[in-house]
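Visitor: please work out how this folds:
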Amino acid sequence: MNAPGALRSASDPVARQMARLLAALAPDEGYNLTALPDVRFLRSNRPLRRAPVLYDPGVVIVCQGRKRGFLGETTYLYDAQHYLAVSVPVPFSMETDASAQEPLLAIYLRLDFTVASALALQLDAAGIAADAPPQGLMSTPMDVALQEVVLRFLRAMGSPLEAAILGPALVREIYFRVLTGAQGPSMRAALAARGQFGKVAKAIRRIHGDYPQALDVDQLANEAGMSVPSFHSHFKAVTHTSPMQYLKSTRLHQARLLMVRSGMTASDASGQVGYESASQFSREFKRMFGLSPVEEAERMKKAFALPHPGPGSAYVASH
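Guide: Okay, the predicted model is just below:
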């Protein structure tokens, strides 16, 4: 019998069973909604080229196929043997390995901060220290304990009754396994939002809440209680980009969402996210995504059948 912290390979019978269950739960290419508002199942029948993404806080569990994220000099692998945990929205680039014969099958759990923070407090009270530096993005090996609860979760999600009644408890157990796994201490330290990381996380929340408004570094640094040089340095340490580049990235990702989801024109979307110049928006959009706003919106519509947006939809359109 495997120890709780042991690892299993993608060829393990349990891994194969997870892939079969998820294939049935995600019959359509793109995002498949579930009975749980913060859980989506993803299927991709084709490889996706490297492209900019912006993930909301959450956990991505790949049951088949492979994704690679690139942030700075670090590559984050998430596949049947590794999951990705995101504690603060971090702009990075991502590529996907998938085919019609072996589609990418993944679970996305948007982080419920109330549940995760309550668990972190219980772990603290139990004397389990979170003495690791906080991180915004973590790729972690899938151990037996997490794999087994994900298998039970997928079985339950196949029944509407079990999904509604047992699903939330199983999601909480998945959180528990993530918070006590190899990168758990870093994730819990990030959730605690202490020190300089916490100040940067507060600024990131401000940007995501008010990105259409006029924001500048002086204002964000002042609200974070830091000097401008210190704020700029710590912000870049967390996100690998400057505060103003982060704001620009957030606006462009949100504009892409508006064009894909709501059918807005590039001009209307640019105004909605805070751009005063449509031509400047188009230049910066093409610089980030490699295509014009119209071309990128069409590519996204063809690539995924995107569901109705909900909280955290930046992740969905950026996938």
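
Visitor: any chance you could map the helices in the stretch 101-250 of the chain?
Guide: 113-125, 144-157, 160-179, 184-192, 195-210, 217-224, 228-239, 243-262 (DSSP state H, counting those that start in this stretch).

Visitor: can you tell which of the ones you listed is closest to Val86?
Guide: Closest to Val86 of the helices of the stretch 101-250 of the chain is helix 184-192 (C-beta to C-beta; 9.4 Å). Quick note: C-beta positions are derived from backbone N, CA and C, even for glycine.

Visitor: give me the angle between that closest one and helix 195-210.
Guide: Put simply, helix 184-192 runs at 60 degrees to helix 195-210, going by axes from the mean of the first three to the mean of the last three C-alpha atoms, to 10 degrees.

Visitor: now the angle from helix 184-192 to helix 228-239?
Guide: Going by the same axes, to 10 degrees, helix 184-192 makes 140 degrees with helix 228-239.

Visitor: so what does helix 184-192 touch, helix or strand wise?
Guide: Packed against helix 184-192 by the contact rule (3 or more C-beta pairs under 8 Å, 6 or more residues apart in numbering; DSSP states H and E) you find helix 113-125, helix 160-179, helix 195-210.

Visitor: pLDDT score for the residue nearest in space to the middle of the chain?
Guide: Nearest to the geometric centre of the chain sits Tyr55, at 3.3 Å (C-alpha atoms, centre = their mean). The confidence metric pLDDT takes the value 87 at Tyr55.

Visitor: from Gln280, how far off is it?
Guide: 26 Å (C-beta to C-beta, to the nearest Å).

Visitor: could you dump the helices and strands packed on helix 184-192 to a markdown table with mean pLDDT, distance to Ser267 and mean neighbour count?
Guide: Converted to a markdown table, the helices and strands packed on helix 184-192 look like this (pLDDT from 0 to 100; distance: least, C-beta to C-beta, whole Å; neighbours: other C-beta atoms under 10 Å):
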| stretch | mean pLDDT | distance to Ser267 | mean neighbour count |
| --- | --- | --- | --- |
| helix 113-125 | 92 | 35 | 15 |
| helix 160-179 | 97 | 40 | 17 |
| helix 195-210 | 92 | 22 | 18 |
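
Visitor: columns distance to Thr74 on top of those helices, output as JSON lines?
Guide: Below are these laid out as JSON lines (distance: least, C-beta to C-beta, whole Å):
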{"stretch": "helix 113-125", "distance to Thr74": "23"}
{"stretch": "helix 160-179", "distance to Thr74": "19"}
{"stretch": "helix 195-210", "distance to Thr74": "17"}
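
Visitor: of those, which approaches Thr241 most closely?
Guide: helix 195-210 (11.1 Å).

Visitor: elements contacting the closest one?
Guide: Under the contact definition 3+ C-beta pairs under 8 Å, 6+ apart, helix 195-210 sits against helix 184-192, helix 217-224, helix 228-239, helix 243-262.

Visitor: quick check: which of the ones you listed is nearest to Lys67?
Guide: Per C-beta to C-beta, nearest to Lys67 of the helices and strands packed on helix 195-210: helix 243-262, 17.7 Å.

Visitor: which helix or strand lies directly C-terminal to the closest one?
Guide: Toward the C-terminus, helix 243-262 is succeeded by helix 266-272 as the next helix or strand (DSSP states H and E).

Visitor: looking at that next one now, give me its mean pLDDT.
Guide: Rounded mean pLDDT across helix 266-272 is 95.

Visitor: tell me how far it lies from the chain's centre.
Guide: 25 Å (C-alpha atoms, centre = their mean, to the nearest Å).

Visitor: so for it, what gets flagged as buried?
Guide: 266, 269-272 (16 or more other C-beta atoms under 10 Å).

Visitor: contacts only, for Leu154.
Guide: 18, 21-22, 25, 63, 107 (C-beta atoms under 8 Å, 6 or more residues apart in numbering).

Visitor: of those residues, which is the most crowded?
Guide: Of all those, the highest neighbour tally under other C-beta atoms under 10 Å goes to Cys63, namely 29 neighbours.

Visitor: the helix or strand hosting that one - contacts with which helices or strands?
Guide: Secondary structure from DSSP H and E places Cys63 in strand 58-64. Counting contacts by 3+ C-beta pairs under 8 Å, 6+ apart, strand 58-64 packs against helix 13-25, strand 74-79, strand 82-86, strand 104-110, helix 144-157, helix 160-179.

Visitor: which stretch among those comes nearest Ala192?
Guide: Here helix 160-179 is closest among those (C-beta to C-beta), at 11.4 Å.

Visitor: before we move on, back to that, using PDB, write out every CA atom in the strand holding Cys63.
Guide: What follows is strand 58-64 as a C-alpha-only set of coordinates in PDB (Å, rounded to 0.1, in the frame of the first residue of the first chain):
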ATOM      1  CA  GLY A  58      -7.100  28.600  -7.500                       C
ATOM      2  CA  VAL A  59      -6.000  25.000  -8.200                       C
ATOM      3  CA  VAL A  60      -5.600  23.400 -11.600                       C
ATOM      4  CA  ILE A  61      -5.500  19.600 -11.600                       C
ATOM      5  CA  VAL A  62      -4.600  18.000 -15.000                       C
ATOM      6  CA  CYS A  63      -5.800  14.400 -15.400                       C
ATOM      7  CA  GLN A  64      -4.600  13.900 -19.000                       C
END
